[in-house]
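1. what's the 3D shape of this:
(chains A and B)
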Amino acid sequence: MKVSVDEDKCCGAGSCVLAAPDVFDQRDEDGVVVLLDPEPAEHLHAAVREAADVCPAAAITLGNGA
Amino acid sequence: MTAAPDVLVVGASAAGLATAEALRRKGHTGAITLLGDEAHPPYDRPPLSKQVLAGTWEPERAHLRNQDVLDALGVTFALGDPAVSLDPATRGVRTASGTVLRADAVVLATGARPRTLPDQTGLSGVHVLRTVADAVALRADLLTATRLVVVGDGVLGAEVAATARGLGLDVTLAGPQPAPQAAQLGPLASGLLAELHAGHGVRLRLNAAVHGLVGQDGRVTGVRLDTGDVLPADVVVVALGAVPNTDWLLGSGLAIDDGVVCDTRCRAADGIYAVGDVARWHHERLGSLLRLENRTNATEQAAAVADNILGADRPYAPVPYFWTDQFDAKLQVFGFLPPDAEVSVEDGDVTARRFVALYRRAGEPVGVLGWNMPKQARQLRQRLLGQAPAPAPAPEGR
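-> Numbers count the residues shown, from 1 in each chain, chains lettered A, B, ... in the order given. Okay, the predicted model is just below:
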């Protein structure tokens, strides 16, 4: 699984951090998403899929058979 | 219900799509049909009043998913065909084209439509903003206009005013509240918002009841207030909130009262659920019916309904959340900010317009406001979990 984020779309809700805190964080200054792990381990995939689905700005995309 | 029920989702916007995605994410292998009245693939509404209206995004950038992702979902899209009636007994939905779709579970996600002024039809230059077509039409009109009057001082009206001011228009924001979004934000934050707008040159006509529109030769020329004053306008945006799209359900026998009335599981009848703006469900923790027009509610409620369709028995009791971006301010609101709450600044500095505040009632945290501190606001959200009942929500939200 390859994760990418669109900082321009990000609205700073932090839904991704609530869903998958090992993979996503937010910048202290403006809340924009920080991708901690663009190729997360398998045990994190379910949480990352949820994060991508629940992002209220559709700012997370998954690749490679995700 | 079978192990893999067929699911029909009526409404192909954020809540409808999220229902389909949540079902697949949770392992559902049955058929899913998404029925939508608009011809567009599912798109997002929050950018319409900001990036799309400003012209910084092409409208297509507001699409929620690209075609590859939609294809991979394995969902049948039936778009451009509005639902016209529901028979709960057979879980059959009839569409405008005459098709009848049946499923083991039906999810009602038909959203809401803008409330309008009685005299606005037939006058050009008067707009609402709900759909991507609305946003494109409003932008085209703004590009040749000088003076915009926004009727309505909720979140949508305030966002449109800010975006139009950014486009260089002379903007007046008129509404009945003492400050923009006062009902949602309480006196502190709505006061700061009023200052923000005034500082950017928006003319605020607060505490002002709108009487109606003024036009000449079929084109709007102004907005008349109850005081008799006329605010001159080339373009008017009517942003008076939204009404749930339930007209098509009036003959269904379902309970309809400012939305589709649902139990704590978001269930309106056996095998019939509602999600998103149209759903008014019993919030177990608040102990009352609640209807939220918030963007994240669409997704979170969809996940709860997907669980319940798949056999869980899950109450839906979220911490409400919305955000708004206006000028250089990014506001995040978790829970509720009632006007009589005690407010304490937990981080940052109000005078620097960068702070997080906690709202308490009778000592219990009921809301968090972030002003240009999204991350820190989200971190404070946990203070709202598991709390006693919060107050009734403001009537309008995103």
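
2. measure whichever residue of chain A sits closest to chain B to residue B:54 for me?
-> Chain B sits closest to residue A:31 of chain A, with a gap of 2.5 Å, by CB to the nearest CB. Heads up, the C-betas are built off the backbone N, CA and C, glycines and all. Applying CB to CB, to the nearest Å, the value for residue A:31 to residue B:54 is 20 Å.

3. which of those two has more neighbours?
-> residue A:31 (25 against 16; other CB atoms under 10 Å in any protein chain shown).

4. How about that one: what's its closest non-neighbour residue?
-> Distances taken as CB to CB, 6 or more residues apart in numbering or on different chains place residue B:374 nearest to residue A:31, at 2.5 Å, with adjacent residues excluded.

5. List phi and psi for that neighbour.
-> phi -60, psi -40 (degrees, to the nearest 10).

6. and residue B:165, what element?
-> For residue B:165, the element it lies in under DSSP states H and E is helix B:155-166.

7. Packing partners of that helix?
-> helix B:51-54, strand B:147-151, strand B:170-174, helix B:182-199, strand B:321-326 (3 or more CB pairs under 8 Å, 6 or more residues apart in numbering or on different chains; DSSP states H and E).

8. and the fourth one with strand B:170-174, angle?
-> Okay, so that is helix B:182-199. 160 degrees (axes from the mean of the first three to the mean of the last three CA atoms, to 10 degrees).

9. What mean pLDDT does helix B:182-199 get?
-> Mean per-residue pLDDT for helix B:182-199: 98.

10. After it, which helix or strand is next?
-> strand B:203-205.

11. which strands and helices sit next to that following strand?
-> Using 3+ CB pairs under 8 Å, 6+ apart, strand B:203-205 sits against strand B:170-174, helix B:182-199.

12. quick one: residue B:358 and residue B:344 touch, right?
-> Yes: applying CB atoms under 8 Å as the test, residue B:358 and residue B:344 come out as touching, 5.3 Å apart.

13. what about these two, which has more around it?
-> Under the neighbour definition other CB under 10 Å, residue B:358 and residue B:344 were set side by side, and residue B:358 has more, 22 against 11.

14. mind checking which helix or strand the more buried one is in?
-> Applying DSSP H and E, one finds residue B:358 within strand B:354-361.

15. Note down every partner strand of that strand and its orientation.
-> Looking at strand B:354-361 with DSSP bridges, its partner strands are strand B:342-349 (antiparallel), strand B:364-371 (antiparallel).

16. how about the helices and strands packed on strand B:203-205 in JSON lines, adding distance to residue B:135?
-> Output for the helices and strands packed on strand B:203-205, formatted as JSON lines (distance: least, CB to CB, whole Å):
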{"stretch": "strand B:170-174", "distance to residue B:135": "17"}
{"stretch": "helix B:182-199", "distance to residue B:135": "21"}
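
17. Chain A: which of the ones you listed is closest?
-> Closest among the helices and strands packed on strand B:203-205, using CB to the nearest CB: helix B:182-199, at 16.5 Å.

18. State whether residue A:37 is indeed within a strand.
-> No: if the criterion is DSSP: H, G, I helix; E, B strand; the rest coil, then residue A:37 is coil and not within a strand.

19. tell me the contacts of the spatially closest residue to it that is not a sequence neighbour?
-> Spatial nearest neighbour of residue A:37, excluding adjacent residues (CB to CB, 6+ apart): residue A:23 at 4.9 Å. Contacts of residue A:23 were listed using CB atoms under 8 Å, 6 or more residues apart in numbering or on different chains, and they are A:3, A:16, A:35-37, A:40, A:44, A:47-48, A:51.

20. confidence score at residue A:23?
-> Reported pLDDT for residue A:23: 98.

21. now it: how far from residue A:10?
-> 14 Å.

22. re the thing from before, in contact with the residue of chain A closest to chain B, which residues?
-> Listed by CB under 8 Å, 6+ apart, the contact set of residue A:31 reads A:10, A:12, A:14, B:330, B:332, B:370, B:373-375, B:377-378.

23. and with 10 Å instead?
-> Residues near residue A:31 by CB atoms under 10 Å, 6 or more residues apart in numbering or on different chains: A:10-14, A:17, B:323, B:330, B:332, B:370, B:372-378.

24. repeat for residue A:11
-> Residue A:11 neighbours (CB under 10 Å, 6+ apart): A:31-33, A:55-59, B:44, B:46-47, B:50, B:295-296, B:323-325, B:330, B:332, B:374.

25. and residue 12, how many neighbours?
-> Using chain A. 25.

26. Let me rephrase: I mean chain B.
-> By other CB under 10 Å, the residues close to residue B:12 number 29.

27. cool, and residue A:62?
-> Neighbours of residue A:62 using other CB under 10 Å come to 19.

28. now do residue B:311
-> Using other CB under 10 Å, the number of residues around residue B:311 comes to 10.

29. picking that back up, list residues touching both of residue B:358 and residue B:344?
-> residue B:365.

30. where's residue B:246 relative to residue B:255, distance?
-> Remark: distance between residue B:246 and residue B:255 (CB to CB) = 10 Å.

31. who's more crowded, these two?
-> residue B:246 (21 against 13).

32. Spell out which residues of chain A are next to chain B.
-> Residues of chain A lying close to chain B (CB under 10 Å from any CB of the partner chain) are A:6, A:8-15, A:17-18, A:25-34, A:46, A:49-50, A:52-58, A:61-63, A:65-66.

33. give me the element the residue lying closest to residue B:187 once chain neighbours are set aside is part of.
-> Nearest residue to residue B:187 in three dimensions, chain neighbours excluded: residue B:339, at 6.0 Å (CB to CB, 6+ apart). Using DSSP H and E, residue B:339 sits in no helix or strand.

34. mind checking pLDDT for residue B:398?
-> The model's pLDDT for residue B:398 equals 39.

35. ok, residue B:290 to residue B:172 distance?
-> For residue B:290, the distance to residue B:172 (CB to CB) stands at 33 Å.

36. what bits of the chain have low per-residue confidence?
-> I'll assume chain A. Scanning chain A for pLDDT under 70 picks out A:65-66.

37. Switch to chain B, please.
-> B:1-3, B:386-398.

38. can you give me the helices in it?
-> With DSSP state H as the criterion, chain B has helices at B:14-25, B:51-54, B:67-73, B:132-142, B:155-166, B:182-199, B:295-309, B:374-380.

39. Give the buried subset of the residues of chain A next to chain B as a PyMOL selection command.
-> Applied in PyMOL, the following selects the buried portion of the residues of chain A next to chain B according to 16 or more other CB atoms under 10 Å in any protein chain shown:
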select buried, chain A and resi 9+10+11+12+13+14+15+17+18+26+31+32+33+34+49+50+52+53+54+55+56+57+58+61+62
